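Trainee: how would this look folded up:
(2 chains)
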2 protein chains.
Amino acid sequence: MLLPQLADIKAAHRRIKPFIHRTPVLNSSQLDRIFDCSLFFKCENFQRVGAFKFRGAENAVLSLSPEEKRKGVITHSSGNHAAALALAAALNEVKAMIVMPETAPKVKKNAVKGYGADITYCKPTLEAREDTVKVIMEDTGATLIHPYDNFNVICGQGTAVLEFLEDHKDLEVIIAPVGGGGLLSGTATTVKEINNRIMVIGAEPVNANDAWKSFTTGILTPSVNPVTVADGLLTSLSKLTFSVIKKRADQIITVSEESIIECMLLIWERMKIIVEPSSATVLAVVKENPGIFKGKKTGLILSGGNVDFRKLPF
Amino acid sequence: MLLPQLADIKAAHRRIKPFIHRTPVLNSSQLDRIFDCSLFFKCENFQRVGAFKFRGAENAVLSLSPEEKRKGVITHSSGNHAAALALAAALNEVKAMIVMPETAPKVKKNAVKGYGADITYCKPTLEAREDTVKVIMEDTGATLIHPYDNFNVICGQGTAVLEFLEDHKDLEVIIAPVGGGGLLSGTATTVKEINNRIMVIGAEPVNANDAWKSFTTGILTPSVNPVTVADGLLTSLSKLTFSVIKKRADQIITVSEESIIECMLLIWERMKIIVEPSSATVLAVVKENPGIFKGKKTGLILSGGNVDFRKLPF
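Mentor: Numbers count the residues shown, from 1 in each chain, chains lettered A, B, ... in the order given. Got it, this is the predicted structure:
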């Protein structure tokens, strides 16, 4: 299997740079005091569409051939990747077809519609989603842009930590959330080729701990119907992301639902920025494992900030 | 009456600089598109204690004589000024005494306690608050640091726009919220002495429109028991702030409760930052008066980000 390399991620960065936001790195003396370490937050909640997902989607769309662009792109997602692909396609005048479960929140349907994508609704099962995608692909010849089991998507996601290390060369640890593993794969690839001594940790809800299981046993073990407040991390590793993470990440650490909610609230209250529960997993890792991070310059990737304010977990 | 001048505000800035955060200026292409102008947000929600109030409190404490410092400072407030004065005092090893209504939210009581201030509770009336302060002042000789009817506090608040204009010299309009008028007084003083052609507008809830009334009639007209979601703007202008604002602000514009809530949600959703309702009044002014701002480079001061997440207005 062809794994992404740093050179691919640097090429992706050159490609997407004119379209993405260079997100800021923030810190908080209050949180440093609470956790007795030196925390730096890469704020992908400020990225376009409110999540790092735009990096991967934009890189995938820009990497299409003219013929592929003409036929359009397709994905099934009810989350940030759908909006990211819809925007990336719109910016490049490519048609985007999004298959969404009919049960998806209205706010997410509207976001995707707002970027001009075509939505096809289906029953809320993985089977229905995949079947619907298949039918449309046969009909249109559209290219499937998978949310994470995709070389170009992983390369795009790896650009966040490339910027992070440009701004803060001396980070000793970097923590990224892990759901399907696109962000963690891109992150580990970038970090380990730049400086092998920087530790790369994946943060995962214990309620959706397929990456932890797979990493620990060495056997790809998907989750079955996981339930967690971190709605961006319900997906399981794919063959591709597992191959990268197994080889390049140092550790997967799981965190409780209570820690995720507490850390989300801490980030809101102390940093005055909006992050979604998935983002809070990285701080929850620090909270639950003070021994590892004490006194260390620790980089945390805040993956996104798309939250339904009418359904807050606190 | 001695009004602050730019030189006083510059002196305040030199004095407080080592203690305050230099807050960032953010913009949002989405909000620019929605409102068809070029908006720049000075993010005092990222200031220490989560509000611009720390600037004024810190300047007031640093301006005390050694003798005054020894006797401590006192104020009555249930809001951001109480926390700001408590922190400013703590940083300077000065005792802070805060008189709060017994009905104040627990989160605010805890914040003030957390900075090590002494709290005295009283009945929730202005009379009880003033009487309680008087008794303690007689007892201790503490110096009253009024939240806005105070020369040094106004000078401190004026430093936010000083930084804003350092970063963005070519702003054509600046909008600041107006409650007691400390921020607007400091802002108007700074702006008009630096560049008289920049328009200075105060944003006020129509439900607490004492500044608008006073400005329009030329007669100081306090509000009586106003009710607005913008809980930081319930106070009325004082003689000192009215004198400054009458002379130096260009306009007071009132906004509806609906606009404040809608604009607060817009800032949360699009910018992914947390602002309190008072901060949203500045964007509400733009929303309700598109004619004035179309195509103009407009600076908005986001005054603070202290919100009770369990009582959101949307």
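
Trainee: Going by C-alpha atoms from here, please, whenever you check contacts or count neighbours.
Mentor: Fine.

Trainee: Backbone dihedrals for the residue in the stretch 101-250 of chain A positioned nearest to chain B, please?
Mentor: Distances from the stretch 101-250 of chain A to chain B, computed as CA to the nearest CA, single out A:V107 as the nearest residue at 11.1 Å. Main-chain dihedrals, A:V107, degrees, to the nearest 10: phi -60, psi -30.

Trainee: That one and A:N306, how far apart?
Mentor: For A:V107, the distance to A:N306 under the criterion CA to CA, to the nearest Å works out to 10 Å.

Trainee: burial count for A:R33?
Mentor: Other residues within reach of A:R33 by the criterion other CA atoms under 10 Å in any protein chain shown amount to 11.

Trainee: what helix or strand does it sit in?
Mentor: helix A:29-35 (DSSP states H and E).

Trainee: In the next helix or strand after that helix, which residues are buried?
Mentor: Read in the C-terminal direction, the helix or strand following helix A:29-35 is strand A:38-43, with elements assigned using DSSP H and E. Buried positions in strand A:38-43, judged by neighbour count with 16 or more other CA atoms under 10 Å in any protein chain shown: A:38-43.

Trainee: a markdown table for those, including pLDDT and distance to chain B?
Mentor: Formatted as a markdown table, the buried residues of strand A:38-43 follow (pLDDT from 0 to 100; distance: CA to the nearest CA, whole Å):
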| residue | pLDDT | distance to chain B |
| --- | --- | --- |
| A:S38 | 96 | 17 |
| A:L39 | 98 | 17 |
| A:F40 | 98 | 16 |
| A:F41 | 98 | 14 |
| A:K42 | 98 | 14 |
| A:C43 | 98 | 10 |
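
Trainee: The stretch 201-314 of chain A: strands as residue ranges?
Mentor: Chain-ordered strands for the stretch 201-314 of chain A, with DSSP state E, counting those that start in this stretch as the definition, fall at A:251-255, A:297-302.

Trainee: The residue nearest to A:F309 when sequence neighbours are not counted: what's it in contact with?
Mentor: The shortest distance from A:F309 to any residue other than its chain neighbours is 7.7 Å, reached at B:F314 (CA to CA, 6 or more residues apart in numbering or on different chains). By CA atoms under 8 Å, 6 or more residues apart in numbering or on different chains, the contact list for B:F314 reads A:309-310, B:261, B:265.

Trainee: So A:T221 sits against A:D210, correct?
Mentor: Yes. With the criterion set as CA atoms under 8 Å, A:T221 and A:D210 qualify as a contacting pair; they are 5.8 Å apart.

Trainee: These two: which is more packed in?
Mentor: Neighbour tally, A:T221 and A:D210, criterion other CA under 10 Å: the higher count belongs to A:D210, 26 against 18.

Trainee: if I pick the more buried one, what's in contact with it?
Mentor: Residues touching A:D210, when contacts are defined by CA under 8 Å, 6+ apart, comprise A:220-223, A:236-237.

Trainee: can you tell me the residue of chain A closest to chain B?
Mentor: Using CA to the nearest CA, the point where chain A gets nearest to chain B is A:I273, with a distance of 4.2 Å.

Trainee: Check the burial of that residue by counting its neighbours.
Mentor: One way to gauge burial is a neighbour count; for A:I273, by other CA under 10 Å, it gives 23.

Trainee: Name the single longest helix found in chain A.
Mentor: If each helix of chain A is counted by residues according to DSSP state H, the longest one is helix A:126-140.

Trainee: coming back round to it: how about the nearest residue to the residue of chain A closest to chain B, chain neighbours excluded?
Mentor: Beyond its immediate neighbours in the sequence, the residue positioned closest to A:I273 (CA to CA, 6+ apart) is B:I273, lying 4.2 Å away.

Trainee: contacting residues for that neighbour?
Mentor: With CA under 8 Å, 6+ apart, B:I273 has these contacts: A:272-274, B:267.

Trainee: for those, which one is nearest A:D131?
Mentor: Taking CA to CA as the measure, A:I274 is the one of these closest to A:D131, at 35.5 Å.

Trainee: separation between that closest one and A:F309?
Mentor: 10 Å.

Trainee: So for these two, which sits in the more crowded spot?
Mentor: More crowded of A:I274 and A:F309, by other CA under 10 Å: A:I274, with 27 against 13.

Trainee: Which stretches in the stretch 1-150 of chain A count as helices?
Mentor: Per DSSP state H, counting those that start in this stretch, the stretch 1-150 of chain A has helices spanning A:6-16, A:29-35, A:53-62, A:66-71, A:80-91, A:106-114, A:126-140. These are given in chain order.

Trainee: Need the per-residue pLDDT for the most far-flung residue of chain A relative to its centre.
Mentor: Residue distances from the centre of chain A (CA atoms, centre = their mean) peak at A:D139, which lies 29.8 Å from the mean C-alpha position. Looking at A:D139, its pLDDT reads 96.

Trainee: And it, how far from A:K113?
Mentor: Distance from A:D139 to A:K113, by CA to CA: 21 Å.

Trainee: Close to chain B: what parts of chain A are there?
Mentor: Taking CA under 8 Å from any CA of the partner chain as the contact definition, chain A meets chain B at A:45-46, A:50, A:268-269, A:271-275, A:305-306, A:309-310, A:314.

Trainee: host element of the one residue sitting closest to the centre of chain A?
Mentor: Geometric centre of chain A, nearest residue: A:L183, 4.6 Å, by CA atoms, centre = their mean. A:L183 is part of helix A:182-194, with elements assigned from DSSP H and E.

Trainee: And for that helix, what's in contact with it?
Mentor: For helix A:182-194, the external contacting residues (CA under 8 Å, 6+ apart) are A:4-6, A:9, A:147-149, A:153-162, A:176-178, A:198, A:200, A:202, A:241, A:244-245, A:248-249.
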